[in-house]
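Trainee: Pasting a predicted model and its sequence here:
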Amino acid sequence: MFTLSRKFSTTSIPNPSKLLQRHPQSTTTTHIFIPFSQLQQRKLFESHLISVLHGCTHLTQIKQVHAHILRKGLDQCCYVLTKLIRMLTKLDVPVHSYPRLVFHQVKYPNPFLWTALIRGYATQGPFSESVVLYNRMRSEGTGPVSFTFSALFKACGAVLDVGLGRQVHAQTILIGGFASDLYVGNTMIDMYVKCGFLECARKVFDEMSERDVVSWTELIVAYAKSGDMDSARELFSGLPVKDMVAWTAMVTGYAQNGRPREALDCFQRMQDSGVKTDEVTIVGVISACALLGVAKYANWVRDVAARYGFGPTENVVVGSALIDMYSKCGSVEEAYNIFEGMKERNVFSYSSMIVGFAMHGRAHAAMQLFHEMLKTEIRPNKVTFIGVLTACSHAGLVEQGRQLFATMEKCFGVAPSADHYACMVDLLGRAGRLEDALELIETMPMEPHGGVWGALLGACRIYGNPDIAQIAANHLFELEPNGIGNYILLSNIYASARRWDDVSRLRILMREKGFKKNPGCSWVESKEGVVHEFFAGDMNHPQSSEIKRALADLLDRLKAKGYQPNLGSVTYDLSDDEKKRILMNHSEKLALAYGLLSSDAGCTIKIMKNLRICEDCHAFMCSASQVMGREIVVRDNMRFHHFSDGACSCGNFW
């Protein structure tokens, strides 16, 4: 039974209605003398009620406390009733019912009681009612407190109503005394950030007379999410005391914006500063290592996680992130070892491993793990299905993929999203069923995004269909007007079809738009753990002469085994000799040559590339793996290719 302490007897608490009385022969109000001990007992009792309310977890308990409040004559005590209303809204009791009735029984509500009700509506809705209450409070002559404005700003941010947020902002200035309030300023920044007005949030920040770590961190996180890491770094540098949250915001910001080296450098400085690390920071560092795809950093961050007590065996969040990292570093076997060693697994663990198998072309392993997952109590989610559909796509399992897609919602309650349709378009397109893929897009229940049309355009590149490619590209030009890759891909499709006039037209359009093609870049790790970068056609490496000789020697050996350059991989109208020269300077070939020079015989060479591997380089790697007796692993921006003994894990289905 939920009860209150009995040490506060009813006789010791004077009735609040009798505290103010009028002298019978005077019109002035006189205060009845109350012994200090009684006032002290009253305050202690009120504090006790607040404490009891704070511990309530059910509506029944709150009602029992409320009954006690009424019996003790505290039905007009704003201090206690404010807490009562806040606890009711915390338990999601509808504001218009119980909390509002409590409020209306108070004759003279103070600002905190008004704010409790305003906050309730701001949290639960309807939001407009919180504004009505604020206006009524002002009209009745009650002034707001800082919590009033913070509640209103949070509501404006929740419903993304920046117009009303600006009006509330104006109120803080007009009433006076609130524009410089730290708590109000922080919630104002949060409101502008959520509504997408980062410049306004920055202006509020710049004008604040007092700031705390929350003020700084809110903006740092906002800049990081918007991709403006330079502004985030500028703010971070000026932060007087950098706590774990601020450091983590920078680490994850760099990782999420494709700047993994800076993420690792930032984490190293965080460690040097002696700031505590939690699993969120560790996961951010792991994602940075996944972007680099280098074994040296992968093993290092795994050791760091274990040192801080976040080993994959015990921590399912870190374990899932490590599975993803090792998969992206080309070590799918190590990823599976981590998966096998985890004491606890969840949907993220399974999904990471399934996606890992899929990106390495191990479709049957992905499907087997999916069926093992179905035997547990863990249910698949959207990411799980993206993994299995991708596996089917990379292995050409068209019918199996179609069956899975058809049963997603019916059997597992996962409604297909545009991302799942993109997987299906990719599945059909890779299998050469371009018309079926286009028909699927046209019958989608939602608007197709760039990923859907991009999958179709990529399939048109494989099968050389410029007509359907033009349809896909036209949609992409509208959805992604600054996506240079779409223009380049369509240009390559036209070039393969020898439609040089269309190629010229597209290239003129790209110049007019100021587009610049991203240069092909590949990187490889030496046996000392140093990462070396190579750009297409760039021979500025200190060992360029040796790399050039090694590459020429390898080419002679491959030609002796029947390799011939695929000149179709060069989409420019050039002479055959010039095309051969361009092909031999592709970044992944330069990285391969350096890998052969800098590693021991028999060791696997792992190459990462920022763009998709071309058909000629794919054939080159196949032949090189046989001639050199080496396994070569190439991660491009689509998937992993494991070349061994003259064959690729993708089965040339890519």
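Mentor: Arrived safely. Numbering: from 1, shown residues only.
Trainee: all strands in the stretch 551-654 of the chain, in order from the N-terminus.
Mentor: Along the stretch 551-654 of the chain, counting by DSSP state E, counting those that start in this stretch, strands occupy 605-609, 632-635, 640-644, 647-648.
Trainee: Those strands into JSON lines, with extra columns for mean neighbour count, mean pLDDT and distance to Arg259?
Mentor: In this view, the C-beta of every residue, glycine as well, is placed from N, C-alpha and C. Below are the strands of the stretch 551-654 of the chain laid out as JSON lines (neighbours: other CB atoms under 10 Å; pLDDT from 0 to 100; distance: least, CB to CB, whole Å):
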{"stretch": "strand 605-609", "mean neighbour count": "25", "mean pLDDT": "89", "distance to Arg259": "15"}
{"stretch": "strand 632-635", "mean neighbour count": "23", "mean pLDDT": "90", "distance to Arg259": "18"}
{"stretch": "strand 640-644", "mean neighbour count": "23", "mean pLDDT": "89", "distance to Arg259": "23"}
{"stretch": "strand 647-648", "mean neighbour count": "18", "mean pLDDT": "86", "distance to Arg259": "31"}
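Trainee: can you redo the ones you listed as a markdown table with distance to Lys328?
Mentor: Shown next, in a markdown table, are the strands of the stretch 551-654 of the chain (distance: least, CB to CB, whole Å):
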| stretch | distance to Lys328 |
| --- | --- |
| strand 605-609 | 9 |
| strand 632-635 | 7 |
| strand 640-644 | 9 |
| strand 647-648 | 18 |
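Trainee: now for those strands, which one comes closest to Cys411?
Mentor: Ranking those by proximity to Cys411 (CB to CB) places strand 640-644 first, at 30.0 Å.
Trainee: Give me the helices and strands touching that closest one, please.
Mentor: If you count contacts as 3 or more CB pairs under 8 Å, 6 or more residues apart in numbering; DSSP states H and E, strand 640-644 packs onto helix 615-628, strand 632-635.
Trainee: how far does the shortest one sit from the chain's center?
Mentor: It refers to strand 632-635. 27 Å (CA atoms, centre = their mean, to the nearest Å).
Trainee: Just the CA atoms of that strand, as PDB, please.
Mentor: Extracted in PDB, the C-alpha atoms of strand 632-635 (Å, rounded to 0.1, in the frame of the first residue of the first chain):
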ATOM      1  CA  ILE A 632      43.800  -9.200 -53.600                       C
ATOM      2  CA  VAL A 633      40.900  -7.500 -51.800                       C
ATOM      3  CA  VAL A 634      39.400  -4.300 -53.300                       C
ATOM      4  CA  ARG A 635      36.700  -2.200 -51.600                       C
END
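Trainee: What lies in contact with it?
Mentor: Strand 632-635 is touched from outside by 293, 328, 330, 588, 592, 595, 604-609, 613, 617, 621, 624-625, 640-644, with contacts defined as CB atoms under 8 Å, 6 or more residues apart in numbering.
Trainee: cool, and stretch 202-216?
Mentor: Residues outside stretch 202-216 that contact it (CB under 8 Å, 6+ apart) are 179-180, 182, 185-186, 188-189, 192, 219, 235-236, 238-239, 241, 243, 245-246.
Trainee: ok, now stretch 94-101?
Mentor: Applying CB under 8 Å, 6+ apart, the contact partners of stretch 94-101 are Ile85, Leu88, Thr89, Val93, Ala116, Leu117, Gly120, Tyr121, Gln124, Glu129.
Trainee: if you set the cut-off to 10 Å instead, what comes out?
Mentor: With contacts defined as CB atoms under 10 Å, 6 or more residues apart in numbering, stretch 94-101 is touched by 59, 62-63, 66, 81, 84-89, 91, 93, 103, 116-126, 129-130, 133.
Trainee: avg pLDDT for stretch 82-97?
Mentor: Here stretch 82-97 scores 74 as its mean pLDDT.
Trainee: in it, what's buried?
Mentor: Thr82, Lys83, Leu84, Ile85, Arg86, Met87, Leu88, Thr89, Val93, Val95 (16 or more other CB atoms under 10 Å).
Trainee: How is this protein divided into domains?
Mentor: 421-512, 521-648 (automatic domain parsing).
Trainee: Compare the ones you listed and give me the one nearest Ile286.
Mentor: domain 521-648 (16.6 Å).
Trainee: gap between that closest one and the chain center?
Mentor: Put simply, domain 521-648 sits 34 Å off its chain's centre (CA atoms, centre = their mean).
Trainee: Check stretch 314-322 too.
Mentor: 17 Å.
Trainee: now swap in stretch 76-85 and tell me
Mentor: Between the mean C-alpha location of stretch 76-85 and the chain-wide mean there is a distance of 40 Å, by CA atoms, centre = their mean.
Trainee: swap in stretch 404-416?
Mentor: 24 Å.
Trainee: same question, stretch 424-440
Mentor: Worked out by CA atoms, centre = their mean, stretch 424-440 lies 29 Å from the chain centre.
Trainee: If you count neighbours, what's buried in it?
Mentor: Buried positions in stretch 424-440, judged by neighbour count with 16+ other CB under 10 Å: 424-431, 433-434, 436-438, 440.
Trainee: swap in stretch 171-190?
Mentor: Gln171, Thr172, Phe178, Ala179, Asp181, Val184, Gly185, Asn186, Thr187, Met188, Ile189, Asp190.
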